[in-house]
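Peer 1: could you work out the structure for the sequence below:
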Amino acid sequence: MQTAQANQRRTKILATLGPATDADGVLDQLFRAGVNVVRLNFSHGDPGGQAKRAAAVRAAAQRVGAEVGILADLPGPKIRIERFAQGKVALKLGQRFDLVARVDAPLGDAAQVGVSYLGLPNDVKHGDVLLLDDGLMQLQVESVEGERIVTTVLNDGFLSDKKGLNKQGGGLSLGALTERDKELIGIVAKIGVDFIAVSFCRNAEDMNEARRIARGHGCDAALVSKIERTEAIENLAEIVEASDVVMVARGDLGVEIGDAELPGLQKKIINESLAQNRVVITATQMLQSMVESPIPTRAEVLDVANAVIDGTDAVMLSAETAAGAYPVKAVEAMARICLGAEKQFEFKSDFEKAPRNLGRADQAIAMAAMFLGEHVGARAIVAMTESGGSVGYLSRFRSSAPIYAFSRHDGARRRMAMMRDVYPIAFDSRGLAPLEAAREVLRLLHARTLLETGDRVVFTSGDHMELHGATNTLRLLQVGDGGKAEGLGEL
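Peer 2: Model prediction:
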């Protein structure tokens, strides 16, 4: 008999919620199709509406029996132009067009428009190129005259209300956390989200500040750094170190850096994240055509597969699920592509590159568990965990064996839902000795046909299983008749 492991997808799917997912029953379908984490984009909608979506997520996940995390994506200091008197204007190559950095800037026309960032005149100089509407409209700075930036239009096109603005090559001085972001951290803490994404972070201090604010509100959500500014690339190692999760935010990053540099930078960010034992998400326009089409393009299939083969933990859908015509089909397509790519993946952990002189027992146990599992042909790694910390280390070693993570804490299981190769399962180990817990969870996995009689299993736990960071025991077990655990050895 083939176990259910054969069809398990290792790469996780993150889906953005929006109007297309609000209809009755859609969330249930998304979770059955394979969504592991949902994204609430606080750049759109009001906090009250997002809180209702979060409550709907919790209810749908319980109905479906899925562990689904919630990520709150903060707006960050997105620079936008203000509104036009007629909603949009046509600009011509070579014409003058001014940006007015003033609170009382008049409604825009074909000659000028206001900008939301009043400090912009201090950050630009003659020759700089400003990119609007994801680079579709380009302006070259000619001069700065007080609050007015005089530019020359570099291409024909239309410009409409509230379009984003980037500076080619980066260099804008505004910080990552606006006053609104700081307020929103308090709001999402009350909602009870599992991840908080910091937009346009520049350095480690941006992440540290977000963490301090979140913890001050009693929120233990994992902090996600969105890499989308030139400055973030320059400070990549320190940002990754200060983060729990890293997102390759390819939209604004591609605008600032340029499309030609983006593929190499994606690989660089993924590699740095994995090297520092951080979870990593690849995002933006992965299946963009599915906003309007029921099937993805071949180029999109290759894009998603490439990210999977590079080792990303999760792939993200944005407008495809938030506002697209086929949100469930987009998730189903993403799941198929991930499974197909994983079949081509060579599951070989390079233990020569593993860190030495480990200072934590749970890190050492994790590395030993994956080494043992690979060399004895283990069918699964089973971890008893409180916070999910030891499981995070386990998931950094790519292995053919899935990782079943048992925890009694809802938050820990939902945070582990983002980790590649990890399948979180609810289990209360209180009152059980480690070996008793091992017998129980192996029986459970056998009953779910995730393990068969005779399978070898590597089991990690702590002598005191209710303590955080207490993983210090490694066992090699074999599944006996009826799912009974038969001991083969202990470290």
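Peer 1: I'd like the next helix or strand past whichever strand or helix holds Leu40.
Peer 2: In the assignment (DSSP states H and E), Leu40 maps to strand 37-41. Later in the chain than strand 37-41, the nearest helix or strand by DSSP H and E is helix 47-64.
Peer 1: ok, whichever helix or strand comes after that next one: who's next to it in the sheet?
Peer 2: The first helix or strand that comes after helix 47-64 along the chain, using DSSP H and E, is strand 69-73. Counting by DSSP bridges, the strands paired with strand 69-73 are strand 37-41 (parallel), strand 195-198 (parallel).
Peer 1: which among those strands is found nearest to Gly127?
Peer 2: strand 195-198 (30.9 Å; CB to CB). Using the backbone N, CA and C atoms, a C-beta is placed for each residue, glycine as well.
Peer 1: before we move on, back to that, any idea which of the strands paired with strand 69-73 is most buried?
Peer 2: Comparing the strands paired with strand 69-73 by mean neighbour count (mean count of other CB atoms under 10 Å), strand 195-198 comes out on top with a mean of 27.
Peer 1: pLDDT of that strand, averaged?
Peer 2: Computed over strand 195-198, the mean pLDDT rounds to 98.
Peer 1: again, but for stretch 369-383
Peer 2: Per-residue scores along stretch 369-383 average to 91.
Peer 1: what's in contact with the one helix or strand Ile233 maps to?
Peer 2: Assigned by DSSP H and E, Ile233 belongs to helix 230-234. Helix 230-234 is contacted from outside by 169-171, 200-203, 225, 227, 239, 253, 256-257, 265, 268, using CB atoms under 8 Å, 6 or more residues apart in numbering.
Peer 1: Arg278 contacts Met247, correct?
Peer 2: No: between Arg278 and Met247 there is no contact under CB atoms under 8 Å: 10.6 Å.
Peer 1: list only buried entries from the contacts of helix 230-234.
Peer 2: Neighbour-count burial (16 or more other CB atoms under 10 Å) applied to those gives Gly170, Phe200, Cys201, Arg202, Asn203, Ser225, Ile227, Ile239, Leu253, Glu256, Ile257, Leu265.
Peer 1: so the first one sits in a helix?
Peer 2: No: membership of Gly170 in a helix is not supported by DSSP: H, G, I helix; E, B strand; the rest coil, which gives coil.
Peer 1: so it sits right up against Glu228, yeah?
Peer 2: No: assessed by CB under 8 Å, Gly170 is found out of contact with Glu228, at 9.9 Å.
Peer 1: which secondary structure state is assigned to Lys226?
Peer 2: What three-state DSSP gives for Lys226 is strand.
Peer 1: show me the contacts for it.
Peer 2: Asp73, Gly76, Ala197, Val198, Ser199, Phe200, Cys201, Met247, Ala249.
Peer 1: between those, which is closest to Gly135?
Peer 2: Closest approach between these and Gly135, by CB to CB: Ala249, at 14.9 Å.
Peer 1: so where does Ala366 fall, helix or strand?
Peer 2: Per DSSP H and E: Ala366 is located in helix 361-376.
Peer 1: so which elements touch that helix?
Peer 2: strand 380-384, helix 389-395, strand 456-462, strand 471-479 (3 or more CB pairs under 8 Å, 6 or more residues apart in numbering; DSSP states H and E).
Peer 1: got a list of what Arg39 touches?
Peer 2: Leu14, Ala15, Thr16, Leu17, Leu71, Asp73, Ala197, Met316, Ser318.
Peer 1: repeat the analysis, applying 10 Å as the threshold.
Peer 2: The contact partners of Arg39, taken as CB atoms under 10 Å, 6 or more residues apart in numbering, are 14-18, 69-73, 195, 197, 224, 247, 281, 283, 316-318, 321-322.
Peer 1: one more: Thr282?
Peer 2: 11, 14, 246-250, 266, 269-270, 303-304, 306-308, 310-316.
Peer 1: quick one: the helix or strand hosting it to strand 69-73, angle?
Peer 2: Counting by DSSP H and E, the element that carries Thr282 is strand 279-283. Angle, strand 279-283 to strand 69-73, by axes from the mean of the first three to the mean of the last three CA atoms, to 10 degrees: 60 degrees.
Peer 1: name the next helix or strand downstream of strand 279-283, please.
Peer 2: Per DSSP H and E, the first helix or strand lying C-terminal to strand 279-283 is helix 298-310.
Peer 1: can you tell me which helices and strands that next one packs against?
Peer 2: helix 262-275, strand 279-283, strand 314-317, helix 327-343 (3 or more CB pairs under 10 Å, 6 or more residues apart in numbering; DSSP states H and E).
Peer 1: redo those as a markdown table? Include distance to Asp421 and mean pLDDT.
Peer 2: Shown next, in a markdown table, are those (distance: least, CB to CB, whole Å; pLDDT from 0 to 100):
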| stretch | distance to Asp421 | mean pLDDT |
| --- | --- | --- |
| helix 262-275 | 12 | 96 |
| strand 279-283 | 11 | 98 |
| strand 314-317 | 12 | 98 |
| helix 327-343 | 10 | 97 |
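Peer 1: how about Ser318: what's its closest non-neighbour residue?
Peer 2: Excluding its sequence neighbours, the residue lying closest to Ser318 (CB to CB, 6 or more residues apart in numbering) is Thr16, at 4.9 Å.
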